[in-house]
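[1] what's the 3D shape of this:
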Amino acid sequence: MGFDISVLDIDPESIADELAGFIREQVTKTYRRMGIVIGLSGGIDSAVAGALSVRALGQNRVFGVLLPEKDSNPVSRDYGRAAAESLGIECEEVEITPMLESFGVYEKRDAIVKKHFPDWKGERFRLTLPQDLLDKDRISVYRLEVEQDHGTIASKRLSRDDYLGMMAANDIKQRVRMTQLYYEAEKRHYIVCGTTNLPETAQGFFVKHGDGGVDIEPLTHLYKTQIFRLAEHLDVPRQIIERTPSPDTYSLPVSDEDFYFCMPYDTVDLILYAMNNGVPKEAVAETLGLRIEQVERAWHDLQRKEESTKTLRMLPPSPKGTN
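    The predicted structure follows:
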């Protein structure tokens, strides 16, 4: 017998009021600041966090920041501005490409692409994981995909060292964005609002001291499907709700599913809920219309990611008895 997927249903008005109250209390009582700064990525999570911040504090105490760089999808800028306009908040754009160039981000990363594709001349590329997670046992090894003539995609498997080198360079993007958000926040006596949801938090799908470097995280207890429900209720622009979730880190578009989860968000949500609430795998399989071995593979992958990223969710360890 399956389990009732309505366990993920929410009362969006009640949740919106609760989270607005949380934001208001954190800003005014915990931090004793004047307002909120939020990075508007053009995605649904930042749009929802922005709408909740406006509900909590009003339009004049929420400031949006757009932080594009040369690999960003052009619609990210457009959708970020659409979110700011729909909320009626002030918004500023800061192009971070020159900052990333000064760190050598593109040079270091592009050298890895050139190593695998010697004839590469700047064509769009991305990293992906194999998408057959549910159907066979496999090792999660990233592949570098490059767009070639006529839209064809060439793919090469990355070594561990090349993958780590690529990620070390790309994660600087998130950390540069964090520094810009804190600059805007501190000069206004504001705080920085995070936008990470429950699956991203539990699975470590964020950058430490990057998009994880914030003052408050109002969405970390909400599953992605609940974020979508809240977005509908808060009148987030339709194009943002319908946009495929993406890390927006590579020049060639890649979805969150392609890059990290290897399954749709509704599947991730239900399995994570089952893991956290003692729901048997057999019930999950029946509810999702999957074979038990498929559920076991997904379950194992989610458990592995949660365990391997647990240090991202910890304060820095220190010896006992020290401050």
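[2] Ramachandran angles for Met263?
    Phi and psi for Met263, reported as degrees, to the nearest 10, are phi -160, psi 160.
[3] For burial, what's the neighbour tally of it?
    Using other C-beta atoms under 10 Å, Met263 has 19 neighbouring residues. (Glycine included, C-beta is placed from N, CA and C.)
[4] Would you mind measuring from it to Asp135?
    Remark: distance between Met263 and Asp135 (C-beta to C-beta, to the nearest Å) = 11 Å.
[5] Thr196 versus Ser246, what's the distance?
    15 Å.
[6] before we move on, what about Val284?
    For Val284, the distance to Thr196 - C-beta to C-beta - is 24 Å.
[7] who has more neighbours, these two?
    The neighbour comparison of Val284 against Thr196 (other C-beta under 10 Å) goes to Val284, with 24 against 20.
[8] Doesn't that one lie inside a strand?
    No: looking at Val284 with DSSP: H, G, I helix; E, B strand; the rest coil, it is helix, so not inside a strand.
[9] quick one: it and Val295 touch, right?
    Yes: using C-beta atoms under 8 Å, Val284 makes contact with Val295 at a distance of 5.0 Å.
[10] check contacts around Pro12.
    Arg229, Leu230, Glu232, His233, Leu234 (C-beta atoms under 8 Å, 6 or more residues apart in numbering).
[11] May I ask which of those has the most neighbours?
    Ranking these using other C-beta under 10 Å puts Leu230 first, with 23 neighbours.
[12] what's the helix or strand for it?
    Using DSSP states H and E, Leu230 sits within helix 224-233.
[13] residues in contact with that helix?
    By C-beta under 8 Å, 6+ apart, helix 224-233 touches 8-10, 12-13, 15-16, 44-45, 47-48, 51, 197-199, 219, 222, 240-241, 245, 265-266, 268-269.
[14] try stretch 44-51
    38-40, 62, 64, 79-80, 83-84, 87, 89, 193-197, 218-219, 227-228, 230-231, 234-237, 240-241, 243, 245.
[15] So which of these sit within strands?
    Among these, the members falling in strands (DSSP state E) are Ile38, Gly39, Val62, Gly64.
[16] Now the spatially closest residue to the last one that is not a sequence neighbour. Its backbone dihedrals?
    Ranked by C-beta to C-beta, 6 or more residues apart in numbering and with sequence neighbours excluded, the top spatial neighbour of Gly64 is Cys91, at 3.8 Å. Here the main-chain torsion angles of Cys91 (degrees, to the nearest 10) amount to phi -150, psi 140.
[17] which ones are touching Cys91?
    Leu40, Phe63, Gly64, Val65, Leu66, Gly80, Arg81, Ala84.
[18] OK, contacts around the fifth one?
    Contact analysis of Leu66 by C-beta under 8 Å, 6+ apart lists Gly39, Leu40, Arg77, Gly80, Arg81, Ala84, Cys91, Glu92, Glu93, Val94.
[19] ok, and the closest non-adjacent residue to Ile197?
    No Ile there; residue 197 is Asn. Leu219 (4.9 Å).
[20] Check what pLDDT that neighbour gets.
    Listed pLDDT for Leu219 reads 98.
[21] State the number of residues packed around it.
    25.
[22] Just to check, it is in contact with Gly194?
    Yes: counting by C-beta under 8 Å, Gly194 is a contact partner of Leu219 at 7.5 Å.
[23] And Gly43, how far from Gly35?
    22 Å.
[24] for Gln180, same thing?
    Plainly put, Gln180 is 17 Å away from Gly35 if you go by C-beta to C-beta.
[25] go on, Val27?
    Separation of Val27 from Gly35 (C-beta to C-beta): 7 Å.
[26] where do the contact lists of those two overlap?
    Joint contacts of Val27 and Gly35 (C-beta under 8 Å, 6+ apart) are Leu57, Arg61, Tyr190, Ile191.
[27] could you point out where the stretch 151-300 of the chain is predicted with low confidence?
    Residues of the stretch 151-300 of the chain meeting the criterion pLDDT under 70: none.
[28] what about the helices in it?
    160-188, 198-203, 224-233, 238-241, 256, 265-277, 281-288, 292-308 (DSSP state H, counting those that start in this stretch).
[29] Need these in TSV (columns: distance to Tyr106).
    Shown next, in TSV, are the helices of the stretch 151-300 of the chain (distance: least, C-beta to C-beta, whole Å):
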stretch	distance to Tyr106
helix 160-188	8
helix 198-203	26
helix 224-233	31
helix 238-241	28
helix 256	23
helix 265-277	30
helix 281-288	41
helix 292-308	28
